[in-house]
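Student: Structure for the following, please:
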Amino acid sequence: VVRTIWKLDEQQSALQGLGYGFWGEYGIPGRRYCTLDDPATGRRKFQLHCFDQENEEIARHLAFRDYLRANSLMATEYDAEKRRCRDIYPDDSHAYSDAKADWIAAQLPAALDYFVHQGGATHGLR
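Tutor: Predicted structure coming up:
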């Protein structure tokens, strides 16, 4: 969470200097998506989903994360969905993300409900 997204944009070259890929919104308005891969193996080490402090997507991301952490069955199903999408689109991360979007959207109401009942902040959620 950043105070203003444009300040983060000003630091794009610094993040890239640390080895991060800076992908911009990458399908979610107001987000900045950054990744860091291991140079030796090419495997993903970190991914950052950066939002302005007022962005409603923060609660959605946290709700989904917390829901999966609390529900091992859903986490297992999500893992299976990600593998399915990876197998369909092994070389296209955009198509992979698009392919799993419907599954995530179907789980989001339950995740948000869980989040609210756990005391999560839902300011601005639609």
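
Student: and the closest residue to residue 22 other than its chain neighbours, how many neighbours does it have?
Tutor: Leaving aside its sequence neighbours, residue 22 sits nearest to residue 12 (CB to CB, 6 or more residues apart in numbering; 4.9 Å). Every C-beta, even on glycine, is put in place using the N, C-alpha and C of the backbone. When neighbours are counted by other CB atoms under 10 Å, residue 12 registers 14.

Student: Kindly report the same for the one 3 residues further on.
Tutor: Residue neighbour count, defined by other CB under 10 Å, stands at 17 for residue 15.

Student: For residue 113, see how far away it is.
Tutor: 35 Å (CB to CB, to the nearest Å).

Student: which helix is the longest one in this protein?
Tutor: Once the chain is assigned using DSSP state H, the helix that runs over the most residues is helix 93-117.

Student: I would like the residues contacting it, please.
Tutor: Residues from elsewhere that reach helix 93-117, judged by CB atoms under 8 Å, 6 or more residues apart in numbering: 26-27, 59-60, 62-64, 66-68, 70-71, 74, 78, 81-82, 84-86, 88-89, 122, 125.

Student: all helices in this protein, in order from the N-terminus.
Tutor: For the chain, helices defined by DSSP H occupy the ranges 5-10, 12-17, 57-70, 72-88, 93-117.

Student: just those: most buried one?
Tutor: For those, the largest average neighbour count (mean count of other CB atoms under 10 Å) is found in helix 57-70, namely a mean of 17.

Student: Report all helices and strands that that helix contacts.
Tutor: The contact analysis (3 or more CB pairs under 8 Å, 6 or more residues apart in numbering; DSSP states H and E) places helix 57-70 against strand 44-51, helix 72-88, helix 93-117.
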